[in-house]
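[1] need a 3D model of the following:
(chains A and B)
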Amino acid sequence: MIVSVIIAFIVGGLVCVIGQLLFDVAKLTPAHTLSLMVVIGSVLDGFGLYEPFIDFAGAGATIPITSFGNSLTHGALQEAEKHGFIGVLTGMFEVTSSGISAAIIFGVIAAILFKSKGKVS
Amino acid sequence: MDAESYQKTVDQIAPKRPVLLNCMKAFLTGGIICAIGQLVSFVFMYFFSFTERTASNPSVATMVFLSMVLTGFGIYKKIGQFGGAGSAVPVTGFGNAVISAAIEHKSEGFILGVGVNMFKLAGPVIVYGVFSAFVVALIKTILVKMGVISW
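    Numbering: from 1, shown residues only, chains lettered A, B, ... in the order given. Below you'll find the model as predicted:
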């Protein structure tokens, strides 16, 4: 159990270092960096590489935003396997739903509960 | 002054980014967030009978919830100033982008403020995530139908 926490720490940390290098060395904006990482995640799942990565790193692979691209592709492929081309469209949000719905639900709740303290960066 | 020499002057004057230090901070911050995510998924595995793979969905939702609390009290902004990409790349950064936009635009009303602006910062991630997933899945489906590869 401790081992998998340490692996999650190291792998998750390294994924964030890649993001930081895209910020600092490639001089991309955060929006460009995060979009790029999501695209990388979805392409990796197309090659079937992201699931083994999750098996190895656990939360180190599922918490970074790359897993968002992975689960979008994964849902689409799962449905495509059952229903062919229509599944590519219908399965898209099947696996990802929790991240987006949580962000929307907690976003509205936060807007009800909290007040803006001046500038939010 | 043409564009090239302007860029040269900008590069001379702009402060050098401490890349190594930033990377270490990002590693530490991102690592800690992922380690917490791992602990949360243990809770779902042992107390709510999720498996290793299915635990990732409720853990992501829980991390977004934690992000809401930290964002609401203005703590996530401080973590972001220290951690850089270490706080932006994990899903908590995605949550922070959505939630901080929601709080910030509350004064413009719940429809025109919160509703319209919520995905202002996080929108590109969803848009290009969905589009690239569509392209990847389409290509793979075509290749499978042609018999080039299998699922």
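
[2] tell me who's in contact with A:A59.
    Going by C-beta atoms under 8 Å, 6 or more residues apart in numbering or on different chains, A:A59 touches A:A8, A:G12, B:C34, B:A35, B:G37, B:Q38, B:V40, B:S41, B:S56, B:S59. C-betas here are computed from N, CA, C, even on glycine.

[3] need the contact list for the residue nearest in space to the middle of chain B.
    Nearest to the mean C-alpha position of chain B, by C-alpha atoms, centre = their mean, lies B:F94 at 3.5 Å. Contact analysis of B:F94 by C-beta under 8 Å, 6+ apart lists A:L34, A:I65, A:F68, A:G99, A:A103, B:V64, B:A122, B:V125.

[4] what packs against the top helix by length along chain A?
    When chain A is parsed with DSSP state H, its longest helix is helix A:2-24. Contacting helix A:2-24 under the criterion 3 or more C-beta pairs under 8 Å, 6 or more residues apart in numbering or on different chains; DSSP states H and E are the following elements: helix A:30-46, helix A:50-57, helix A:59-62, helix B:19-47, helix B:85-88.

[5] run the last query once more with 6 Å
    With contacts taken as 3 or more C-beta pairs under 6 Å, 6 or more residues apart in numbering or on different chains; DSSP states H and E, helix A:2-24 sits against helix A:30-46, helix A:59-62, helix B:19-47, helix B:85-88.

[6] give the next helix or strand downstream of the longest one.
    Yep, that's helix B:19-47 we're talking about. Sequence order places helix B:56-72 as the next helix or strand after helix B:19-47, per DSSP states H and E.

[7] please apply the same query to the second one.
    Past helix A:59-62, heading to the C-terminal end, the next element that is a helix or strand (DSSP H and E) is helix A:66-83.

[8] can you tell me if that following helix touches chain B.
    Yes: using C-beta under 6 Å from any C-beta of the partner chain, helix A:66-83 reaches chain B at A:F68, A:G69, A:L72, A:T73, A:A76, A:L77, A:A80, A:E81.

[9] is B:G147 in a helix, a strand, or coil?
    coil (DSSP: H, G, I helix; E, B strand; the rest coil).

[10] quick check: phi and psi at it.
    Per-residue torsions, B:G147: phi 80, psi 20 (degrees, to the nearest 10).

[11] what's the burial count for it?
    By other C-beta atoms under 10 Å in any protein chain shown, 7 other residues sit near B:G147.

[12] same check on B:R53?
    What B:R53 shows, counting by other C-beta under 10 Å, is a neighbour count of 12.

[13] just the one 3 residues further on next, same as before
    The tally of other residues near B:S56 (other C-beta under 10 Å) stands at 27.
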